[in-house]
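In: Have a look at this fold, sequence not included:
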């Protein structure tokens, strides 16, 4: 059969036009994602350090935190987040000491931690060092012996029999607040404004943020900004709508779960990339997310997956987009318990681990220094790169202005030798001289560069394209 070229071209052109119209209609039918609220510029450079005062020092008080601010600053921390600082409820409490998230009085400090003056001195000392201070805001529920429950039982959620109930059956130590009550909203606004105005707090971390109506968060944020311009607000939630008007960043719970599955060998490294992409497609444009591998609600990554794997996960948290978190002793490789029952007991950080694992502190200091030195890591776009084994290795580009970096992380216990599709360029290895755990780095680092690369188990490499 003879081909009529002109006829074929006309047909091809019609097909292209049809596809273009379909694509245009699809774009028109898909509403554009809203932009995230404009966060303070300093937040993009932030490194958050979560402090559980009860476990942080020998005495477990505010002074114990103040005494370590110089060390935290040297580590590269910029935000000190204090877990709830209020008196802890005793009625129906869990464990020996009760959970700090069972708040008895929103307007007071926990006497076990010190007094108002001790907190004022902590905040002032942090500010003197250029550090911000956040406190936990537990607005969804209170302790059963809370001051406001005694004074205003009408502010609480009740069952059909009129009995106050917990937020869910597992949280037996707390009572659920009813946010349809205007007087509760007015009270909570006044309480939070006081912490900003009188103590100079720089921001809040909202516990179980999705348990409080979004419209309240949006309205109270307007008032906070008038009292403390330039403050920031972190949501313990993964609800994209919260980042449109109320919050500056939220928990990347989905990313944490994907990384945990990968470290445990239950999912390929590509699962981490795919999880990131789904969130990027579904969140407001420019949204910031808290990247973490440890926090007070979860078992430590070091205990769950081992120290080399935990450090590899942290390398991703510090070099991908978002704001990284360090939790209470991560910087020394602490293996003491976190989550329950540690949340209800006194289980101090094993600071002596610093002597046995000095390379861990060096590792985290190097990560924070790397972020500070390269704006591409705090403001750059993310572009995922292909590599020769995407079931085990993550590779991505961070580009901003005239700087382009490539990060490659082996998320497995096996070495990798293969290609990374980084594109043409004179790639310079800028991986810090980390004193990494045995078996990582060494000869492998000196033996290869992009695009062909050799990685030891759990190794991270960072490259910068040299200027032409």
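Out: Yes, it's here. Everything quoted here is computed from the prediction, not taken from an experiment. Numbers count the residues shown, from 1 in each chain.

In: make it CA atoms for all contacts and neighbour counts henceforth
Out: Noted.

In: Give me the buried stretch members for stretch 227-241, please.
Out: 228, 231-240 (16 or more other Cα atoms under 10 Å).

In: same deal with stretch 147-163?
Out: So, applying 16+ other Cα under 10 Å, buried residues of stretch 147-163: 147-149, 154-158.

In: outside of it, which residues touch it?
Out: 104-105, 142, 164-165, 175-179, 181, 183-184 (Cα atoms under 8 Å, 6 or more residues apart in numbering).

In: State the three-state secondary structure for the closest residue to residue 432 other than its chain neighbours.
Out: Nearest residue to residue 432, sequence neighbours excluded (Cα to Cα, 6 or more residues apart in numbering): residue 366, at 6.3 Å. Residue 366 falls in the helix class when you classify it by DSSP: H, G, I helix; E, B strand; the rest coil.

In: burial of residue 366, as a residue count?
Out: 19 (other Cα atoms under 10 Å).

In: swap in the one 3 residues further on?
Out: Close neighbours of residue 369, defined as other Cα under 10 Å, add up to 15.

In: check contacts around it.
Out: By Cα under 8 Å, 6+ apart, the neighbours of residue 369 are residue 76.

In: any idea which helix or strand of the protein has the worst average confidence?
Out: helix 5-29 (a mean of 40; mean pLDDT, DSSP states H and E).

In: Give me the sheet partners of whatever helix or strand comes next after that helix and which way each runs.
Out: Later in the chain than helix 5-29, the nearest helix or strand by DSSP states H and E is strand 48-51. Paired with strand 48-51 in the same sheet, following DSSP bridges, are strand 79-82 (parallel), strand 323-327 (parallel).

In: Reformat those strands into TSV and put mean neighbour count, mean pLDDT and distance to residue 457 next to each item.
Out: Formatted as TSV, the strands paired with strand 48-51 follow (neighbours: other Cα atoms under 10 Å; pLDDT from 0 to 100; distance: least, Cα to Cα, whole Å):
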stretch	mean neighbour count	mean pLDDT	distance to residue 457
strand 79-82	22	98	32
strand 323-327	23	98	23
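
In: With distance to residue 378 added, can I get those in JSON lines?
Out: Converted to JSON lines, these look like this (distance: least, Cα to Cα, whole Å):
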{"stretch": "strand 79-82", "distance to residue 378": "15"}
{"stretch": "strand 323-327", "distance to residue 378": "8"}
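
In: Roughly how far does residue 67 sit from residue 136?
Out: According to Cα to Cα, to the nearest Å, residue 67 and residue 136 sit 21 Å apart.

In: and these two? which has more neighbours close in?
Out: More crowded of residue 67 and residue 136, by other Cα under 10 Å: residue 136, with 19 against 13.

In: Quickly list what the more buried one is bridged to.
Out: Where residue 136 sits in a bridge, its partners, by DSSP bridges, are residue 205.

In: Pull the contacting residues for it.
Out: Going by Cα under 8 Å, 6+ apart, residue 136 touches 81-85, 204-207.

In: Equivalent analysis for residue 35, please.
Out: Applying Cα under 8 Å, 6+ apart to residue 35 gives the contacts 244, 284-287.

In: So what sits opposite it in the bridge?
Out: Bridge pairing for residue 35 - DSSP bridges - gives residue 285.

In: Okay, it and residue 449: tell me how far apart.
Out: Distance, residue 35 to residue 449, using Cα to Cα: 38 Å.

In: Pick the one among the buried residues of stretch 147-163 closest to residue 254.
Out: The shortest approach to residue 254 among the buried residues of stretch 147-163 belongs to residue 157, at 29.5 Å (Cα to Cα).

In: Next up, phi/psi of residue 184, please.
Out: Main-chain dihedrals, residue 184, degrees, to the nearest 10: phi -60, psi -40.

In: tell me the phi and psi of the closest residue to it other than its chain neighbours?
Out: Nearest residue to residue 184 in three dimensions, chain neighbours excluded: residue 155, at 6.2 Å (Cα to Cα, 6+ apart). Main-chain torsions, residue 155, degrees, to the nearest 10: phi -90, psi 10.

In: Name the residues that touch the strand or helix carrying residue 419?
Out: With secondary structure defined by DSSP H and E, residue 419 is part of strand 416-419. Strand 416-419 is contacted from outside by 387-389, 410, 450-457, using Cα under 8 Å, 6+ apart.

In: Can you give me the pLDDT of the nearest residue to residue 250 once chain neighbours are set aside?
Out: Nearest non-adjacent residue to residue 250, counting by Cα to Cα, 6+ apart: residue 235, 4.5 Å away. pLDDT for residue 235: 98.

In: Quick check: beta-bridge partners of residue 235?
Out: Per DSSP bridges, the residues bridged to residue 235 are residue 206, residue 250.

In: any idea of the mean pLDDT in the helix or strand hosting residue 279?
Out: For residue 279, the host element (DSSP H and E) is helix 270-282. On average, the pLDDT along helix 270-282 is 98.

In: strand partners of the next helix or strand after it, parallel vs antiparallel please.
Out: Per DSSP H and E, the first helix or strand lying C-terminal to helix 270-282 is strand 288-291. Paired strands of strand 288-291, with direction, are strand 249-251 (parallel), strand 323-327 (parallel) (DSSP bridges).

In: Now the shortest one: buried residues?
Out: Spelled out, it's strand 249-251. For strand 249-251, by 16+ other Cα under 10 Å, it's 249-251.

In: can you list the residues that contact that strand?
Out: 233-238, 243, 287-291.

In: number of nearby residues for residue 259?
Out: Counted with other Cα under 10 Å, residue 259 comes out at 27.

In: what residues are up against it?
Out: 269, 272, 293, 313.

In: mind showing which ranges of this protein have poor pLDDT?
Out: Scanning the chain for pLDDT under 70 picks out 1-31, 434-447.

In: domain ranges for it?
Out: With domains defined by automatic domain parsing, the chain comprises 41-380, 382-465.

In: Give me the distance between the two termini of the longest one.
Out: Think domain 41-380. One end of domain 41-380 sits 14 Å from the other (Cα to Cα).

In: change the start of the numbering to 41 and stick with it
Out: In the new numbering, first residue 41, that becomes domain 81-420.

In: The strand holding residue 459 pairs with which strands, parallel or anti?
Out: Take DSSP bridges as the rule and strand 456-459 pairs in its sheet with strand 492-495 (antiparallel).

In: Now the element after the partner strand, going C-ward?
Out: Scanning onward from strand 492-495 (DSSP H and E), the first element met is strand 500-505.

In: That next one - contacts with which helices or strands?
Out: strand 443-450, strand 467-469 (3 or more Cα pairs under 8 Å, 6 or more residues apart in numbering; DSSP states H and E).
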